[in-house]
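> The following block contains a protein sequence and its predicted model.
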2 protein chains.
Amino acid sequence: MAKNVCDLKSCFLCRFCLNDWLPAIAAARQNFELKRGQQLFNEGDPAKGIYFIYLGIVKVHKRWGREKDLILRFAKAGVVVGQLGLGDDASYPVSATAIAPVVACFVDMEFFESTLSVNAGFSRQVIKVLANDLQESEKRMRNLAHMPVKGRVAQALITLKNQFGITADGYINIDISRQDLASFTGAAYESLFRMINELIEEKLITVSGKSILIADENALLRLTEDAGL
Amino acid sequence: MAKNVCDLKSCFLCRFCLNDWLPAIAAARQNFELKRGQQLFNEGDPAKGIYFIYLGIVKVHKRWGREKDLILRFAKAGVVVGQLGLGDDASYPVSATAIAPVVACFVDMEFFESTLSVNAGFSRQVIKVLANDLQESEKRMRNLAHMPVKGRVAQALITLKNQFGITADGYINIDISRQDLASFTGAAYESLFRMINELIEEKLITVSGKSILIADENALLRLTEDAGL
DNA sequence: CGTATCTTTGAGTCATGTCAAAAACGGTGG
DNA sequence: CCACCGTTTTTGACATGACTCAAAGATACG
């Protein structure tokens, strides 16, 4: 296996670019650093390339009106962002914003495309990422349509736990604002708030500051099944 | 350009498979015929391959509980279905059901994968399809979360018009049950019904039997913008 | 002509979003 | 160390959109 370009063990890009491509990648890539709240790109921006998250966490979200938005997914180290620019539309249909300090490596779209055209293994991986994202997206879409807020909160917490793991004392290992949690659930801030309270009452979760601990994962899971999925 | 294997002018598969692959494809493919209501595959089935719609219309949907489901998208002639099987999970996460008599050509997953691995143009097309589907899915996801039912109905009608066109007398060229229309908007049957009535009252659409005619597309579009997207 | 399926209507309920205000928190600078 | 200000959290009251249930018309169909 080729040496990593970007010193990240699980870098998506590096894993699938063979040796001959390494110099080209090294030349093509370009690093970005972002503080919490800064945007990698914004909805509507021309899609100039793809970003590989090197460090930190990015939320991928889509606006509605002036105030509301929906968080579609989170991307952490080793994950690719901006792949939607690969569609027919030449502009990003979503925004990507850092929710923890981020280092991302940018790869120009042209270079990315040319890599796709000669590296089948890499293409296959991109296809897999897209297919997985699409699966996830369609599942959440169904949930948004039919699952009540409480179940969606439960689902969101489980998703976060699976994606970010837990700390030594059991709390979900992500520092996320309630506002973002609400956006991720697809619910109003206050609704999320009340649901969190209910979950605490029912002893399914514990909260300390911003951190959340899942106390009874099975019960949470049951909330996501409801009508006997 | 290669001669079509399946005699369909816009067959996705044929457009991107070069001459050397034609015999192999011809050997690998397998035709299916379905009557209205029959399933191509069902949620949870092992993903054995990909289907190219040759004729007719298929709804791709995902169940919730025993009664409800959400229609994710429609696939018509020339479109590929089952691509979600390309993810990590080896089973279809959705169902595909004919809503008009269908002829589909099935391609074994193994063969499909091997085509991907040697035909970059084909891979690129698959990536494009997935990226477009993902974009559409995420847009609808946001709409489900924030847009009221009326706007979603408007959106659904416009989408159908764009996808299926209109007949000589202006009606959207698809024969779809109210039930399916409700599932496509992500609303209860009765809710959809009332919204359709409102839209008729407001002279934005006209209905004749099952057929729907968009009378004022701009007004419909305005319903989908609401908070000044 | 009777049975089944789909459409249409009404009434009632409930979940969820909205609004507004109080309380708690966190940092900043005097 | 405290007073101040902006932000986030918490609570309550309220409005209403959307779903549910049930029943009455239609329409199709054998």
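Thanks, I have the structure now. These figures come from a predicted structure and were not determined experimentally. Residues are numbered from 1 along each chain as shown, chains lettered A, B, ... in the order given.

> low-confidence ranges in chain A?
Counting by pLDDT under 70, chain A shows low-confidence ranges at A:1-30, A:78, A:83-85, A:226-229.

> Straight-line length of stretch A:81-94, end to end?
Separation of the first and last residues of stretch A:81-94 by Cα to Cα, to the nearest Å is 10 Å.

> Pull the distance from it to the chain's centre.
Between the centre of stretch A:81-94 and the centre of its chain there are 15 Å (Cα atoms, centre = their mean, to the nearest Å).

> Which residues does it contact?
Stretch A:81-94 is touched from outside by A:40-53, A:58, A:60-62, A:72, A:75, A:96, A:104, A:109, A:126, A:129-130, A:133, B:127-128, B:131-132, B:134-135, B:138-139, with contacts defined as Cβ atoms under 8 Å, 6 or more residues apart in numbering or on different chains. Just so you know, the C-beta spots here come from the backbone N, C-alpha and C atoms, and that holds for glycine as well.

> of the residues you listed, buried ones?
The neighbour-count criterion (16 or more other Cβ atoms under 10 Å in any protein chain shown) marks A:40-41, A:47-53, A:58, A:60-62, A:72, A:75, A:96, A:104, A:109, A:126, A:129-130, A:133, B:127, B:131-132, B:134-135, B:138 among the contacts of stretch A:81-94 as buried.

> Next step: the residues you listed restricted to helices.
Members of the buried ones among the contacts of stretch A:81-94 lying in helices (criterion: DSSP state H): A:109, A:126, A:129-130, A:133, B:127, B:131-132, B:134-135, B:138.

> Nearest to DNA strand C among those residues?
When these are compared for distance to DNA strand C (Cβ to the nearest atom of the strand), residue B:138 wins out at 17.8 Å.

> Geometric centre of chain A: which residue is closest?
With distances taken as Cα atoms, centre = their mean, chain A has residue A:74 as the residue nearest its mean C-alpha position (1.8 Å).

> Who does that residue form a beta bridge with?
According to DSSP bridges, the residues that bridge with residue A:74 are residue A:59.

> Surely it is in contact with residue A:61?
No. Between residue A:74 and residue A:61 there is no contact, the gap being 9.7 Å when judged by Cβ atoms under 8 Å.

> how about the strands in chain A?
Ranges of strands within chain A are A:30-34, A:39-41, A:49-64, A:68-76, A:80-81, A:95-108, A:205-208, A:211-214, based on DSSP state E.

> so how far is DNA strand C from residue A:177?
12 Å (Cβ to the nearest atom of the strand, to the nearest Å).

> What residue, apart from its backbone neighbours, is nearest that residue spatially?
residue A:210 (7.3 Å; Cβ to Cβ, 6 or more residues apart in numbering or on different chains).

> who's in contact with the one you found?
For residue A:210, the contact set (Cβ under 8 Å, 6+ apart) comprises A:175-178.

> So what's the residue count around the closest residue to residue A:115 other than its chain neighbours?
For residue A:115, the nearest residue in space outside its immediate sequence neighbours is residue A:122; the separation is 5.9 Å by Cβ to Cβ, 6+ apart. For residue A:122, the number of neighbouring residues by other Cβ atoms under 10 Å in any protein chain shown comes to 21.

> wait, residue A:122 sits on residue A:112?
No. Look at residue A:122 against residue A:112 with Cβ under 8 Å: they stay out of range, at 9.3 Å.

> Write out the residues of chain A neighbouring DNA strand C.
Contact residues, chain A versus DNA strand C (Cβ under 7 Å from any atom of the strand): A:148-150, A:186-188, A:190-191, A:209.

> Among the residues you listed, which one is most surrounded by other residues?
Busiest of the residues of chain A next to DNA strand C [other Cβ under 10 Å] is residue A:186, holding 25 neighbours.

> Excluding chain neighbours, what is closest to that one?
Excluding the flanking residues, the one nearest residue A:186 by Cβ to Cβ, 6+ apart is residue B:145, at 3.7 Å.

> Touching, residue A:142 and residue B:71? I think so.
No. Under the criterion of Cβ under 8 Å, residue A:142 lies out of contact with residue B:71, with a separation of 10.0 Å.

> list the contacts for the residue nearest to residue A:186?
Applying Cβ under 8 Å, 6+ apart to residue B:145 gives the contacts A:64, A:70, A:144, A:186.

> right, and the last one touches residue A:152 too?
Okay, so that is residue A:186. Yes. The criterion here is Cβ under 8 Å, and residue A:186 meets it with residue A:152 at 6.3 Å.

> Quick check: neighbours shared by these two?
residue A:144.

> The closest residue to residue A:187 other than its chain neighbours: what's it in contact with?
With sequence-adjacent residues excluded and distances taken as Cβ to Cβ, 6+ apart, residue A:187 is closest to residue A:149, at 4.7 Å. When contacts are counted by Cβ under 8 Å, 6+ apart, residue A:149 touches A:185, A:187, A:191-192, A:195.
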